[in-house]
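**Q** Below is the structure, and that's it, no one-letter string:
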């Protein structure tokens, strides 16, 4: 990672934080990385997930009980938790591309942080369930967090580099997963191939991998990972939605494959072309819900092209018929979190702009702007519960049910890329890696 790139990134963050703290009336900010939780009636811990506001400042994702203390106009301070412990791995003191930009204090006990923290004109961001009695300042003030969330939508060059590298890691692993699918192994074994190629464990990845064979592809968040190997005669399709992490930034990529060159393979090709058209249509100044409506129109065109519906594409969108085949949103912000924050936010000061009522699952209602990063993920599925409701509705007569039944065993198609909006073009990080 380029040290100058990070230095410029941190300077941008400090400028943002200075302005936001002044606007909200605070002199300092105490940001807690978090603490691992203990499992119910057990002495083992849940996997640790860092506070995203902590890793926004410093690229550490696996250091509980650590702090960043930021005071307006001053060099940030890092309290780095490094206990004396013979049971667990203890990370070394930071000596890397970002560490020279922090005043670093090593703390051996979590309570040692109290010596450095102050609640004078201070705000605190984090989970405070284990910090009773600590002097932290105002807990998670909404006005401050709203402004931080709004600002996170605009990525710095350093952040873009991290997102590109996360895509490189994920695409390498996607290639390995596809080959494992072609070799006829189980979902569980495909996932192992992915983890090995990414060189990231399940707790390091930004979300649980979706590795779905055949009809499992119709389950939007399928994470069961069956250990059963299917006979070659029963292998039809493969949907994988899986990402990677790089310095706390996420990749979120989906691909769909047919085992043989059949009609479902043609359907995937049509959806792939449509997805690239939607990426090309991502323009500064466009309201994201408008792009989502265009996605439904294009999906309905494919439904009509493949003889799945009788309605015109326009009629299928107007009646809501297309929503039975595409029940989720077109995409979302991407960054430090897979579903990055601020997608429904009205302004830096806060407020919520809900998505259109007919597209309640859409995660973004913002106007597209330069330096924003999105996933674009149209889908077309054959979901039993939705199809059953559709069949029993007034729109049931608008469907060719014999065609639906022939495609139902394949589950569905989803294609997802990660893209950066620039002033004069859209950068498709995912396609660049593939």
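**A** Nice, I can see it. Predicted model only: the values in this text are computed from it and were never measured. Residues are numbered from 1 along each chain as shown.

**Q** contacts and neighbour counts: CA atoms only from here.
**A** Will do.

**Q** Counting neighbours, what do you get for residue 384?
**A** Per other C-alpha atoms under 10 Å, the neighbour tally for residue 384 reads 14.

**Q** and what of residue 135?
**A** Using other C-alpha under 10 Å, residue 135 has 15 other residues around it.

**Q** Excluding sequence neighbours, find me the nearest residue to residue 92.
**A** Ranked by C-alpha to C-alpha, 6 or more residues apart in numbering and with sequence neighbours excluded, the top spatial neighbour of residue 92 is residue 82, at 7.6 Å.

**Q** Identify the residues contacting the closest residue to residue 109 other than its chain neighbours.
**A** Spatial nearest neighbour of residue 109, excluding adjacent residues (C-alpha to C-alpha, 6+ apart): residue 83 at 6.0 Å. Residue 83 makes contact with 90, 107-109, according to C-alpha atoms under 8 Å, 6 or more residues apart in numbering.

**Q** just the buried members of these?
**A** Neighbour-count burial (16 or more other C-alpha atoms under 10 Å) applied to the contacts of residue 83 gives residue 107.

**Q** and residue 332, that's in a strand?
**A** Yes - counting by DSSP: H, G, I helix; E, B strand; the rest coil, residue 332 is part of a strand.

**Q** I figured it hits residue 342, correct?
**A** No - counting by C-alpha atoms under 8 Å, residue 332 does not reach residue 342; the two are 9.8 Å apart.

**Q** Please enumerate the helices of this protein.
**A** 3-24, 52-57, 142-151, 157-182, 187-198, 263-280, 288-305, 313-319, 384-391, 401-407, 429-433 (DSSP state H).

**Q** These into CSV, with extra columns for mean pLDDT and distance to residue 208?
**A** Shown next, in CSV, are the helices of the chain (pLDDT from 0 to 100; distance: least, C-alpha to C-alpha, whole Å):
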stretch, mean pLDDT, distance to residue 208
helix 3-24, 96, 29
helix 52-57, 97, 18
helix 142-151, 98, 24
helix 157-182, 98, 13
helix 187-198, 98, 10
helix 263-280, 98, 23
helix 288-305, 98, 25
helix 313-319, 98, 32
helix 384-391, 98, 23
helix 401-407, 98, 27
helix 429-433, 98, 19
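
**Q** In JSON lines: these, plus distance to residue 44.
**A** Listed next are the helices of the chain as JSON lines, based on distance: least, C-alpha to C-alpha, whole Å:
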{"stretch": "helix 3-24", "distance to residue 44": "36"}
{"stretch": "helix 52-57", "distance to residue 44": "23"}
{"stretch": "helix 142-151", "distance to residue 44": "32"}
{"stretch": "helix 157-182", "distance to residue 44": "30"}
{"stretch": "helix 187-198", "distance to residue 44": "23"}
{"stretch": "helix 263-280", "distance to residue 44": "43"}
{"stretch": "helix 288-305", "distance to residue 44": "43"}
{"stretch": "helix 313-319", "distance to residue 44": "50"}
{"stretch": "helix 384-391", "distance to residue 44": "38"}
{"stretch": "helix 401-407", "distance to residue 44": "44"}
{"stretch": "helix 429-433", "distance to residue 44": "37"}
